[in-house]
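A.B. asks: Here is a sequence with its predicted model. Questions after.
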Amino acid sequence: NAGVMQNPRHLVRRRGQEARLRCSPMKGHSHVYWYRQLPEEGLKFMVYLQKENIIDESGMPKERFSAEFPKEGPSILRIQQVVRGDSAAYFCASSRGQVTDTQYFGPGTRLTVL
Amino acid sequence: ILNVEQSPQSLHVQEGDSTNFTCSFPSSNFYALHWYRWETAKSPEALFVMTLNGDEKKKGRISATLNTKEGYSYLYIKGSQPEDSATYLCAFYGPLNNNDMRFGAGTRLTVKP
């Protein structure tokens, strides 16, 4: 049973470009969470999704950031017109159920904006 | 703003020592507390999910307790080994948070051989 997969592991973008980060949850998991770790900071919640639904996006920046988890395929975190301040490690986690279930983290995507 | 605080920030112990550290969280509107172990250059690894006041959970040499009335959880490591060296994170869920998980800054444990 493969764990949570994230790709790419490293992503380099120039300012103004778009970044797409993918997360494939563990088999049987229908809940996905995205977190961000800015340099020298801890983990911060961004968004919680179930298949085809955004449950809570209270941690997402209001502009340029969006997330989806379609019926088929991975969850996508999309950052439009990236800026240097978006450089961070982005982790996703999946769980079978809600917040009382164990979350399993992927290896993360390290985004560098030049 | 709901704060999750962990202490100490860092801890250095000798191999074989037992140790413990604390996660403090708002005692009102508690829903769940997660403990994670996070090694450098890896991703967080789930240790425990705790939901009930008085919960005690154990996994090998690591155990955790929960007091929701006073808003704290302890993580204990018995007979620390160098491979226990990692950052230990706690994360709090409460209804006021809706579905977001608030992480503490972590306790960085170093176990010297």
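C.D. replies: Perfect, thanks for sending it.

A.B. asks: what about stretch B:71-79, distance to the chain center?
C.D. replies: Stretch B:71-79 sits 7 Å away from the centroid of its parent chain (C-alpha atoms, centre = their mean, to the nearest Å).

A.B. asks: whoops, I mixed them up, stretch B:37-53
C.D. replies: Between the centre of stretch B:37-53 and the centre of its chain there are 7 Å (C-alpha atoms, centre = their mean).

A.B. asks: same deal with stretch B:3-22?
C.D. replies: Worked out by C-alpha atoms, centre = their mean, stretch B:3-22 lies 9 Å from the chain centre.

A.B. asks: pLDDT weak spots in chain A?
C.D. replies: Chain A contains residues with pLDDT under 70 at A:1.

A.B. asks: measure the residue sitting furthest away from the middle of chain B to B:D17 for me?
C.D. replies: What lies farthest from the middle of chain B is B:P113; by C-alpha atoms, centre = their mean that is 23.0 Å. B:P113 sits 12 Å away from B:D17, going by C-beta to C-beta, to the nearest Å. For every residue, glycine as well, the C-beta is placed using N, CA and C.

A.B. asks: Correct me if wrong: the residue farthest from the centre of chain B contacts B:V13.
C.D. replies: No. Between B:P113 and B:V13 there is no contact under C-beta atoms under 8 Å: 11.1 Å.

A.B. asks: Quick check, central residue of chain A?
C.D. replies: Chain A, centroid-nearest residue using C-alpha atoms, centre = their mean: A:W34 at 3.7 Å.

A.B. asks: So what pairs up with that residue in the strands?
C.D. replies: Judged by DSSP bridges, the bridge partners of A:W34 are A:V47, A:C92.

A.B. asks: can you count the residues close to the closest residue to A:T100 other than its chain neighbours?
C.D. replies: Spatial nearest neighbour of A:T100, chain neighbours left out: B:A32 (4.8 Å); criterion: C-beta to C-beta, 6 or more residues apart in numbering or on different chains. Neighbour count for B:A32, taken as other C-beta atoms under 10 Å in any protein chain shown: 19.

A.B. asks: Strands of chain A, residue ranges please.
C.D. replies: Secondary structure of chain A (DSSP state E): strands at A:5-7, A:10-13, A:19-24, A:31-37, A:43-50, A:53-56, A:65-68, A:75-79, A:88-95, A:104-105, A:109-113.
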